[in-house]
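# structure for this input, please:
(2 chains)
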Amino acid sequence: MSEADSQLLLARPIDVANIGVDLFADELEHQRVHVSRVDWRPPAEDTEDALGRLALQAADIARANDLALERIEDAKPLLVGVGVAGQLLPGMSERTLLHAGPPITWPDMSGPLRGAIIGAALYEGLATDPDDAERQARAGAFEFSPCHERGAVGPMAGVVSASMPMCIVENETHGNRAYCTFNEGLGKVLRYGANDAEVLDRLAWIRDVLARVFARALERLGSPIDLRSMTAQALQMGDEGHNRNRAGTSLLLRELLPVLLELDEPSSDVVAAARFIAGNDHFYLNLTMPAAKASADAAAGVERSSIVVAMARNGTEFGIRLSGTGGRWFTGPSGMIDGLYLPGYGPEDANRDIGDSTITETVGLGGFAMAASPAIVRFVGGRAEDALEATRAMYDISWGESRSYQIPALGFRGTPVGIDCREVVHTGLLPFVNTGIAHREPGVGQIGAGLVEPPMEAFVKGVRALAECV
Amino acid sequence: MLAFLVATPVLERVTATPGHGIVRGVVRSAAYVEVETFIIAVTARGVPFMPNGVALTERPSLGGWPASGTPVRLQRGGIEAGERSIIWPADRPPAWDPTLRPASDAGVDALHRRAIEILQARGIDARGDPATLPRALELSGLETAARGPGANAIALLLESVAARDGELAARAAELLLGRGSGLTPEGDDFLAGAAVVVAAFAEAAGWEATDRTRWLAAVHPPVLRRLTTPLSATLLELAIAGQIIEPVHGLLDLTDVGGRRWPTALRRLEGIGHSTGSAYAAAIGSAALFLTG
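Predicted coordinates:
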């Protein structure tokens, strides 16, 4: 451009369209230049062939995705009771220890997961002390397996052992079941890798008291609790179903309270159980998760479908499973979480992203429902507007909109649901995940909460594998 | 803008006397609000919590902060600065108490060991005496400790800690205050680091209450605000009250026996400002060494 052209250009007000990187737009706006931002990212590298092959099958994939989404949407997850992991989950021996995320071996496990494994071994009486548990783990004395592969899900480390009580969620529509342990509350808890006497005592109390009282209350209710309906109500009350569960927990307690008062159980146990639930805002998370799992599992196994039916992290790797590629995991490194840290902690203390709780995002909750929960930014950071934007962005990578989960702030529009792996790769837009932050050392606990981007690598692998299938 | 945490000294002021102030300065990660003689630091997400701070849930762009010179109105539940508001729940504010409280079972020996560990982590030979340590501090990057009045002041300050001597402390403070450049001069930072150690640990180290009071009063001259910047004066006054920036809490967590967590706290502290965090760390290590030596 000649100097004369430059002068001509700068002689009048400039209107700039900025595509992609925000840095340029930020600088121009700082100089009071009007900028129209266009949100565009190039597709992930080396995916043209796979996306091209899938494009040739677009009509078939669309039909498959319609079916997968219909199964997610038609699922009716009901809380039907409480059982014991060793009796409920397939292939559970007394030495089986389940964990969150895709498969992993002891040497690759992060601090919180190792801490939880050690804690579960102590809880089951498989080890005499933490050193003994670690020695046995290193020697291969325990069988490790992902919760997802046994019909279960677990928040954070997600460790499940044979004698742990599990909430049973049954998908009435399709007949499949999913399971989850009871939420232990905040502070020093097994799911963050803590394993001292306080943690083990609480787990024993959950097994001996809470699970019994909870099970009796469910029996006395007479009919199972419709978790889809309850979660839908919770979204209208400011939850997003992953990191904010205050409304869901309150609704659950409201349902249970009358029958708790009628139970023929020691009143001290009933009071303790009610207090425990009332004092733990995240109690409902461990019901949202199996409800989501029961819904997403119903959508698994639809040939050619590119819908994501599981997203999970083990603290080292993030993995996804697609409806159309069977039980295969596609993985990449777990991300570091950008969020708000509690006093005394910072990013240097944080473990990588961990937990099966991203099953909530898989069915249109959590990061996909942030617009329902402006208050979530007090936990995960950002502005209330960011919560709206997060949900809006997720429509671009989702196959449909939820009929049940509606967002008042978006005119009661349904949350985006059914992550289309192709669209993630094509748009470069990754699913929004909001999550707790675990300390990288076992036993410290939660040190914050924030947002994390899954690795694109996992979605690229998924798209390539699907392209080979079709 | 939403507040994630509000330091209790800020809440006390806002609750006790809702009033007015002015935005005195804005940088990329913080805005400074002057209320009478107190400076409130409004900080972006990711900045370590300040004892005079309001920490936001977001990271505003430079243009997202209220402009310097904007009048400010303080009230329960928030700060209004022109068109911008910083809010928190008035009935249940997200309070953070920056007061450094040693664990009840933390002994002097543990503090002594931590002092040595901190100094060694910064490459400082901890075997010196108050007269020779400034040279080691200078070599570790503390400009104030270079030969001359700064080095003398640091030697005096450390001697005052070792001797529990308020008069020496007053002379040291006079020489250190305002020494260095920036919003918080390095000499002030060093003084604040030493002050918080004395405020929090003198009793455990066996000081008489009167010695502690005298020493702390000595590093707070009546002309403080003529000697340094308003922000630095605010931070020094809070340090004298035992209230300090958040990574120092992890650094001096003496229950962290295995030493798994304090090194990350040290790294976060060292990352603060151009030299502020490093000066705090050097001062805390040195003062703790002579408090317990």
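# ok, now which ones touch the most centrally placed residue in chain B?
Centroid-nearest residue in chain B: residue B:244, 4.4 Å away (criterion: CA atoms, centre = their mean). By CB atoms under 8 Å, 6 or more residues apart in numbering or on different chains, the residues touching residue B:244 are B:51, B:98, B:100, B:192, B:196, B:238. C-beta: built from backbone N, CA, C; applies to glycine.
# most neighbours of all those residues, which one?
Ranked by neighbour count (other CB atoms under 10 Å in any protein chain shown), the contacts of residue B:244 have residue B:196 at the top, with 31 neighbours.
# the residue of chain B at minimum distance from chain A - nearest residue in space that isn't next to it in sequence?
Using CB to the nearest CB, the closest approach of chain B to chain A is made by residue B:264 at 4.1 Å. Leaving aside its sequence neighbours, residue B:264 sits nearest to residue A:348 (CB to CB, 6 or more residues apart in numbering or on different chains; 4.1 Å).
# near that neighbour, how many other residues are there?
Other residues close to residue A:348 by other CB under 10 Å number 15.
# which stretches in chain B count as helices?
B:8-16, B:108-121, B:133-139, B:149-163, B:166-176, B:186-201, B:209-218, B:224-227, B:230-240, B:246-251, B:262-270, B:276-292 (DSSP state H).
# one more: the stretch 351-470 of chain A?
Under the criterion DSSP state H, counting those that start in this stretch, the stretch 351-470 of chain A contains helices at A:359-362, A:377-380, A:384-394, A:421-427, A:456-469.
# is the third one anywhere near chain B?
Yes - contact of helix A:384-394 with chain B (CB under 8 Å from any CB of the partner chain) involves A:384, A:386.
# what packs against that helix?
Secondary-structure packing of helix A:384-394 (3 or more CB pairs under 8 Å, 6 or more residues apart in numbering or on different chains; DSSP states H and E): helix A:377-380, strand A:413-419.
# do a quick rundown of the strands in the stretch 151-300 of chain A.
In the stretch 151-300 of chain A, the strands defined using DSSP state E, counting those that start in this stretch lie at A:165-171, A:177-180, A:225-226.
# most packed of those strands?
strand A:177-180 (a mean of 26; mean count of other CB atoms under 10 Å in any protein chain shown).
# close to chain A: what parts of the stretch 101-250 of chain B are there?
Within reach of chain A by CB under 8 Å from any CB, the stretch 101-250 of chain B has these residues: B:246, B:247, B:249, B:250.
# how about the third one: what's its closest non-neighbour residue?
By that I understand residue B:249. residue A:344 (5.6 Å).
# residues near residue 228, how many?
Using chain A. 24.
# oops, wrong one, chain B.
24.
# give me every residue that touches whatever residue of the stretch 301-450 of chain A ends up closest to chain B.
Residue nearest to chain B within the stretch 301-450 of chain A: residue A:348 (4.1 Å; CB to the nearest CB). Counting by CB under 8 Å, 6+ apart, residue A:348 touches B:264, B:267, B:268.
# check what pLDDT it gets.
We have a pLDDT of 88 for residue A:348.
# now do the same for the residue nearest to residue B:249: helix, strand or coil?
coil (DSSP: H, G, I helix; E, B strand; the rest coil).
# now it, what are its backbone angles?
Main-chain torsions, residue A:344, degrees, to the nearest 10: phi 100, psi -10.
# that one: what's it in contact with?
Residues near residue A:344 by CB under 8 Å, 6+ apart: A:447, B:246, B:249, B:250, B:253, B:265.
# neighbours of the nearest residue to residue B:275 once chain neighbours are set aside, just the number please.
Using CB to CB, 6+ apart and skipping residues adjacent in sequence, the residue nearest residue B:275 is residue B:186, 5.1 Å away. By other CB under 10 Å, 26 other residues sit near residue B:186.
# centre-most residue in chain A?
Note: chain A centre (CA atoms, centre = their mean) maps to residue A:358, 1.6 Å.
# wait, that residue sits on residue A:313?
Yes - between residue A:358 and residue A:313 there is a contact under CB atoms under 8 Å: 6.8 Å.
# if we only consider the residues of the stretch 101-250 of chain B next to chain A, which is nearest to residue A:406?
Among these, residue B:246 lies closest to residue A:406 (CB to CB), at 40.1 Å.
# okay then, goodbye and thanks.
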